[in-house]
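Chemist: can't give you the sequence, but here's the structure:
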């Protein structure tokens, strides 16, 4: 049939082909690593070390993070205590490794609950209809109007000091970010022609949500997870620093910084080491988040260029 | 006619927002186990009988609804109640704290704004230059270095090691820390927006007129990026009003943040409510101001 | 005498990680003062890049070959220092683009935008900038030239916006004007006005013009010489008349033939069948779009339209943008809710059902939309896309959905392998075929085609229309074909209804409407159609 041999001289086709080329070439082991940008490599290494510390912490370091050695208080870093000891003579490195797990747990818990409160609730409300989405987004506007640290503070006071309440407080404080991103993505999707076509086939709102909109929205939400996770970790440390985070006997990094602050002058290492650890971790996560976003962006720019060139 | 409706609509929204936040906070603080009397009892060693008498005296024994009604009536008459801990009008405490916070917030915001705008201008103008890396560096800094960590290090370096500054009551260090933090938050979205606008058809038109790149960036690109700049500045301004908390605590500045922190810890209900009311009104005023600025810049009807 | 512009071996590439993309390859032409060169090509042909290269306005990612030369009055523009190039840009060399709305700064009054160009090039330092801007506005035929400068782009119509762009281009008193698809986004009547203005300006000012367009008919009405480009290369060049009558390259022959076949096709106005049942009947249909929020008033998009479409026939619904033609299509498939009147589909009153179409009934009427890029979800394969109607309409074909999908694709000229492809792996024409196949899966009686070929290149347009005509015959489909291009409508439709401001102003057989339009609006619409200059 003559019509089936229509030439494919579309720019979209060309970029499509080059895209798959790139993916194919990216598959070769060491070559791939050498190609990674330095910042991404850095963040991946930091995260690998961090995860290893979470997994193997108690195996690598013989000291007990809770054992007090009142004869060796505020000892600067030495061979015996690689990162020194704190005001109760507890080994700082052991506490740091133990705290890594807690910090990650609280941070992830915060992001996941923000995702649930924000994106899941928001999208469900949008899919169900205006009578639900208007009040839900009204509530989210309420939450957004309060500064997040203050809101988390009030919530933790209300819920009582426990890991779970910190997670919930972080979740509620950061839920608006997810809700707004979800709404923006939903609006963009609803304006797409393929959604219009699906509606003429009689597809219901929930089918449109999970079949059409969700696969396109999920990228934006995952990127946001990477962006919000470091902010959750930071906010947790702020709360702990203010004495309102997890309970005093669970050494998250923020709690360690808070505990060390009064004796800052005598034992700066007990504060600076967790500060350094915290900043390195959030730096690695932030770089990863930026990289994820950048991976999404060129695609969008590409589409835009194609539109203006036509 | 339509403008009247618009104003009414905005006023209604603002009122609902204030009312909603107030009720929310009113309920939240009362769900908390323990009240101000418990706190005082621990601090001052009151007997049970004394504590009960104090509770009745402070009006904590009546129902929540009655407490709320009494408080609302008071607020409408300009009376924000009395701090349960300090036994002085909450409004007075707030009144003394506001200037401290405003000074801190305004100075930091100004620094952040100027820094962010100039860095992203330069980065847009010279896409190959170091300024592009500076955009990322500022942004990464603001994400990964919590202000209180920077504050701790600042105290350590400048006060303890160098002995330059007094630890408490210092103003310059928190302003720089908060300003750089704000700049880091504003600069990235602003630069991305300006970069994107650089490919807009009307910017190409400006180039086709033979205009100088500097003129294009300042007259054509920056105003078009204003919505992003305004939105980010508004958000940060709102967060500074209440969220300069750790800086205030760390540097011993008696601002609204410190006040809120102490009030929450001490279960000082009227004070918490007064602070939250102040925050809600500030946030609404800030939103209103950004909205107004947006309308002044953009003549197009709202989409 | 040396030509004004002399382009030699122009080559432009986009270097990328996966190898360089060659966008313009070895293009050479000359332009004499006062003449017009037309550059014709489809999307991706490199015609616009060629125009942008003249002013060195190429996207940052583009690289021009070292061997390329663009001589303007003997100096090579490609090696000129940037500040001297800036003095020429908007001065001796000016450009207008397509989509004037996007090309004007939305936040600045138009007078300021033109004034900026006047001030930059200071062609007449003795006259006040304000006065010069007024003069330019008068020259391009804008109403109230003394006051229109205070208005913002969104307050002007598309035609007025393009006039402002022209005023801006004239501000530096140019010798060469590059017009890059200057009328593409405009309605056909406005297009005719702008083309007339361009011709007048050229004559009056003695401009040399480079006129770039995808539309051979438009170019043939403007240019003395023509250059046909395809995939970055020149495939044909020469005097306009010579190319039209004796095209040397096969591609130019195809382009011209496609246009002529559209134009010359015989429309058999009567099928001679026994009076077919009406499939679709609109009775005083009215659609309002509610204003957003409390503030804006509602807009009446369709205003009491009555129309009957008989079984097995094609109705062409013609109108310019904003005439309400697309809204009618959307109302019939239930995407917008009418505010008055009735739609009777297969004898069933939709108003009586309170505009809720039962699911089983939806299969009878399907729609294909304009943009084949947006109509397919980029994350779903063709198979997933074609599966959609089976699921939502609960279709259970005896031979199974897969066999039906393969058969459906073969019917539109694609093979079964396409099922595993993603939309970005298909060309625009292939995507539109997939969309047609998807719409035909529920075996509808009525197919609504909303501008379905507008986004496609000319020769692909023709293939899709041909396909549609065959499908209509073989399936006895009724078609409601919505469009703005009268040449396309002439090719496909048995009857035409002309819409203007939400109403139908004329309705008759295709031949009659095109040859003897009754209503003044139809007459102006038809006289504005760009035609290939007589062969």
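Modeler: That came in fine, so what should we check first? Here the structure is a predicted model, which means the values were calculated and not measured. Numbering: from 1, shown residues only, chains lettered A, B, ... in the order given.

Chemist: roughly how far apart are whatever residue of the stretch 1-150 of chain A ends up closest to chain B and residue C:367?
Modeler: Among the residues of the stretch 1-150 of chain A, residue A:147 lies closest to chain B, at 3.9 Å counting by Cβ to the nearest Cβ. Glycine gets a C-beta too; all of them are placed from N, C-alpha and C. Distance, residue A:147 to residue C:367, using Cβ to Cβ, to the nearest Å: 49 Å.

Chemist: higher neighbour count, the two?
Modeler: residue C:367 (26 against 23; other Cβ atoms under 10 Å in any protein chain shown).

Chemist: beta partners of that one?
Modeler: Judged by DSSP bridges, the bridge partners of residue C:367 are residue C:448.

Chemist: Same question for residue C:234.
Modeler: residue C:229.

Chemist: Count the neighbours of it for me.
Modeler: By other Cβ under 10 Å, neighbour count at residue C:234 equals 22.

Chemist: how about stretch C:119-126: buried residues?
Modeler: C:119, C:120, C:121 (16 or more other Cβ atoms under 10 Å in any protein chain shown).

Chemist: quick one: which helix or strand includes residue C:108?
Modeler: Assigned by DSSP states H and E, residue C:108 falls within no helix or strand.

Chemist: contacting residues around it?
Modeler: By Cβ atoms under 8 Å, 6 or more residues apart in numbering or on different chains, the residues touching residue C:108 are B:219, B:220, B:223, C:152.

Chemist: Residues in contact with stretch C:463-472: which ones?
Modeler: A:3, A:6, C:262, C:312, C:314, C:411-413, C:429, C:432-433, C:436, C:440, C:447, C:449, C:452-453, C:456, C:477, C:479, C:488, C:491-492.

Chemist: give me that answer again for 7 Å
Modeler: A:3, A:6, C:314, C:412-413, C:429, C:432, C:449, C:452-453, C:456, C:477, C:479, C:488, C:491-492 (Cβ atoms under 7 Å, 6 or more residues apart in numbering or on different chains).

Chemist: got it, and stretch B:279-288?
Modeler: By Cβ under 7 Å, 6+ apart, the residues outside stretch B:279-288 that reach it are A:145, A:146, B:14, B:17, B:18, B:21, B:22, B:234, B:237, B:238, B:241, B:242.

Chemist: List the ones among the residues you listed that fall in strands.
Modeler: Per DSSP state E, strands hold no members of the contacts of stretch B:279-288.

Chemist: Please narrow those residues to those residing in helices.
Modeler: Counting by DSSP state H, those place A:145, B:14, B:17, B:18, B:21, B:22, B:234, B:237, B:238, B:241, B:242 in helices.

Chemist: in what helix or strand does the closest residue to residue A:40 other than its chain neighbours lie?
Modeler: Once flanking residues are discounted, residue A:40 sits nearest to residue A:291: 5.0 Å by Cβ to Cβ, 6 or more residues apart in numbering or on different chains. Taking DSSP H and E as the criterion, residue A:291 maps to helix A:269-309.

Chemist: List just the nearest of the contacts of residue C:108 to residue A:37.
Modeler: Using Cβ to Cβ, residue B:220 is the member of the contacts of residue C:108 that sits closest to residue A:37, with 31.7 Å.

Chemist: Distance from the chain centre to the helix or strand hosting residue B:206, please.
Modeler: Here residue B:206, judged by DSSP H and E, is contained in helix B:201-208. Distance of helix B:201-208 from the chain centroid (Cα atoms, centre = their mean, to the nearest Å) equals 38 Å.

Chemist: Any part of it near chain A?
Modeler: Yes - under the criterion of Cβ under 7 Å from any Cβ of the partner chain, chain A is reached by helix B:201-208 at residue B:201.

Chemist: Not counting its own residues, what contacts that helix?
Modeler: Residues contacting helix B:201-208 (Cβ under 7 Å, 6+ apart): A:308, B:197, B:216, B:220-221, C:55, C:57, C:89-90, C:95, C:97, C:99, C:102-105.

Chemist: and the spatially most central residue of chain A, what does it touch?
Modeler: Closest residue to the average C-alpha location of chain A: residue A:229 at 2.3 Å, with Cα atoms, centre = their mean. By Cβ under 7 Å, 6+ apart, the contact set of residue A:229 is A:107, A:111, A:285.

Chemist: Need those in CSV (columns: neighbour count, distance to residue C:79 and pLDDT).
Modeler: As requested, the contacts of residue A:229 are exported to CSV (neighbours: other Cβ atoms under 10 Å in any protein chain shown; distance: Cβ to Cβ, whole Å; pLDDT from 0 to 100):
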residue, neighbour count, distance to residue C:79, pLDDT
A:107, 27, 56, 91
A:111, 25, 55, 94
A:285, 26, 48, 87
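
Chemist: Tell me the residues of the stretch 1-150 of chain A that contact chain B?
Modeler: Going by Cβ under 7 Å from any Cβ, the residues of the stretch 1-150 of chain A near chain B are A:141, A:142, A:145, A:146, A:147, A:149, A:150.

Chemist: Max pairwise distance over those: which two?
Modeler: It's A:141 and A:149 that sit farthest apart of the residues of the stretch 1-150 of chain A next to chain B, by Cβ to Cβ, at 18.5 Å.

Chemist: and those two? which has more neighbours close in?
Modeler: Higher neighbour count among residue A:141 and residue A:149: residue A:149, with 24 against 17, using other Cβ under 10 Å.

Chemist: Where does that one sit: helix, strand or coil?
Modeler: State at residue A:149, reduced to three classes by DSSP: H, G, I helix; E, B strand; the rest coil: helix.

Chemist: Residue C:71 now?
Modeler: Under three-state DSSP, the three-state class of residue C:71 is strand.

Chemist: Contacts only, for it.
Modeler: Contacts of residue C:71 (Cβ under 7 Å, 6+ apart): residue C:6.

Chemist: can you rerun that using 8 Å?
Modeler: C:2, C:5, C:6, C:7, C:8, C:77.

Chemist: Same question for residue A:182.
Modeler: A:118, A:119, A:122, A:123, A:126, A:217, A:221.

Chemist: For chain B, what's its nearest residue on the stretch 301-450 of chain C.
Modeler: residue C:322 (16.8 Å).

Chemist: Number of residues surrounding that residue?
Modeler: Quick note: residue C:322 (other Cβ under 10 Å) scores 15 neighbours.

Chemist: for chain A, what are the nearby residues on the stretch 351-500 of chain C?
Modeler: Selection of the stretch 351-500 of chain C residues close to chain A by Cβ under 8 Å from any Cβ of the partner chain yields C:357, C:359, C:362, C:366-367, C:369-371, C:373-380, C:385, C:388-389, C:391-393, C:413-415, C:422, C:424-430, C:435, C:438, C:442, C:460, C:463, C:466-467.

Chemist: PyMOL command to pick out the buried ones of those residues?
Modeler: This is how PyMOL selects the buried members of those, with burial counted by 16+ other Cβ under 10 Å:
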select buried, chain C and resi 357+362+366+367+369+370+371+373+374+375+376+377+380+385+388+389+392+393+413+414+422+424+425+426+427+428+429+430+435+438+442+460+463+466+467
